[in-house]
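> Fold the following, please.
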Amino acid sequence: MNSFIASGNFTLDDVVTAEGLVKRNQLGGNGVYSAAGMRLWGVDVTLISVVGDDFPVNYLDMLSESGIDISGVVVVSRRHELRSRAFYFPDGSRTDVIKEAQDIITERIAGELDLVTEYPSMGSTLHRSVWPIFTPDTSQVPKSLEQVRGVHLAPGNLDNNRQLALIMKQMSDQKIVISYDWPWWDWDCEGQDDANLLANIDYLMPSIEEANIYSEPLDRSAPDALRDLLIKYDLSSVLMKKGALGSSILVEADGEWINIPAFPTNAKDPTGAGDAFCGGFQVGLFETGDPVQAALYGAVSASFVIEEFSPTYACLVNPENARKRLVKMRSMMSD
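Take a look at the predicted model:
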């Protein structure tokens, strides 16, 4: 049976919504959300990642029971230090920096959260030291990739992801389609790209915020800078994820950006939506061969993730319900 691989991390998340609702120690991580975005279409998914020996076993059991193969998840003998905080503002933006969230941290929220323990905020010294430890490497790649049709590499240690992309392309004789998110904080080089990585991927899928960080030092707009990368590395497509505004995709170097709407739904927690989008995109690409259609799959995957806290709900979605939403997405595009 055709299958897919999601490569990324596990986190334990503290989330504060724009309405002030607090959720602590939620299952999270870009690898987990990517796998959920794939699995809700009823396909076989293997998740490769790394967790500490204190990571909650019930979370791992839930993923396994939902049908996600976690045999590629390695347990290391140390505490799982990859934790995150997400404070969401009314406009949908977020921060993981306490100082930046002071205006929305009420006395009640402060009483519910641990605001003393240092968490590895994106780009921080702690983040840079912890991040590589919990990023999968080539030893976790399945011995046979014969049935694998797509791989999504979520942000992680750059060296590891370079090697993962290279080895999976070599093992599959270039047949596997690889999509990649954008770890700008790991590159330490806003305005620069990484030839060793981009030469072995097919689809580059940053968020609009990440694309702006990349493009600003180049004195280029984000769409123009990504178009340049599509040409330079002969990528199949580049795509910008824009949260509640949907996404935009560029398929041809001399073509126009195509806007894809977000699926309309009631959002409780937008954490992981972009990662789930990437997972759904991979499935859609295999089923249709059309990156624009694949983006509709991505939008559907994201819609299920944001309806509840953590990826648990999305992992248990009936694939028939996902396909009903896909029909509606296609109708929205034709209107």
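> alpha carbons only for contacts and neighbour counts from here, please
OK.
> Quick check: closest non-adjacent residue to the residue nearest the centre of the chain.
What sits nearest the mean C-alpha location of the chain, by CA atoms, centre = their mean, is residue 275, with 2.2 Å. Sequence neighbours aside, residue 34 is the residue nearest to residue 275 in space, at 4.8 Å (criterion: CA to CA, 6 or more residues apart in numbering).
> ok, the residue sitting furthest away from the middle of the chain to residue 119 distance?
Residue farthest from the centre of the chain, counting by CA atoms, centre = their mean, is residue 107 at 32.2 Å. According to CA to CA, to the nearest Å, residue 107 and residue 119 sit 20 Å apart.
> ok, back up a step: report the contact partners of the residue nearest to residue 275.
By CA atoms under 8 Å, 6 or more residues apart in numbering, the contact set of residue 34 is 6, 152, 154, 272, 275-280.
> try 6 Å this time
Residue 34 sits next to 6, 275-276, 279 when contact means CA atoms under 6 Å, 6 or more residues apart in numbering.
> Looking at those residues, which are in strands?
Counting by DSSP state E, the part of the contacts of residue 34 found in strands is residue 6.
> just the contacts of residue 34 now: which is nearest residue 141?
residue 6 (10.6 Å; CA to CA).
> circling back: looking at the contacts of residue 34, which has the most residues close by?
residue 279 (37 neighbours; other CA atoms under 10 Å).
> where along the chain do the helices fall?
30-39, 57-65, 107-112, 125-130, 158-171, 184-187, 195-198, 208-215, 222-232, 273-288, 291-305, 312-315, 319-334 (DSSP state H).
> which one of these lies closest to residue 83?
Of all those, helix 125-130 sits nearest to residue 83, with 9.5 Å by CA to CA.
> Can you tell me what sits against that closest one?
120-121.
> cutoff 8 Å now
81-82, 119-121, 186.
> swap in stretch 161-174?
137-138, 141, 145-146, 153, 175-176, 178, 196-197, 200-201.
> go again using 6 Å as the cut-off
Outside stretch 161-174, the residues that reach it (CA under 6 Å, 6+ apart) are 138, 197, 200.
> Any buried residues in that stretch, and which?
For stretch 161-174, the neighbour count (16 or more other CA atoms under 10 Å) marks 161-169, 172 as buried.
> Rounded mean pLDDT for it, please.
On average, the pLDDT along stretch 161-174 is 91.
> related to what we said a few turns ago, okay if I get the buried residues of stretch 161-174 as a markdown table plus distance to residue 285?
Formatted as a markdown table, the buried residues of stretch 161-174 follow (distance: CA to CA, whole Å):
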| residue | distance to residue 285 |
| --- | --- |
| 161 | 21 |
| 162 | 22 |
| 163 | 23 |
| 164 | 20 |
| 165 | 18 |
| 166 | 21 |
| 167 | 21 |
| 168 | 18 |
| 169 | 17 |
| 172 | 17 |
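> so which of these would you say is closest to residue 250?
Distances from residue 250 to these, taken as CA to CA, are shortest for residue 165 (22.0 Å).
> on that earlier part again, among the contacts of helix 125-130, who's most crowded?
Most surrounded of the contacts of helix 125-130: other CA under 10 Å gives residue 82, at 23 neighbours.
> so what's the closest residue to that residue other than its chain neighbours bridging to?
Ranked by CA to CA, 6+ apart and with sequence neighbours excluded, the top spatial neighbour of residue 82 is residue 11, at 5.3 Å. In this entry, residue 11 is beta-bridged to residue 28, by DSSP bridges.
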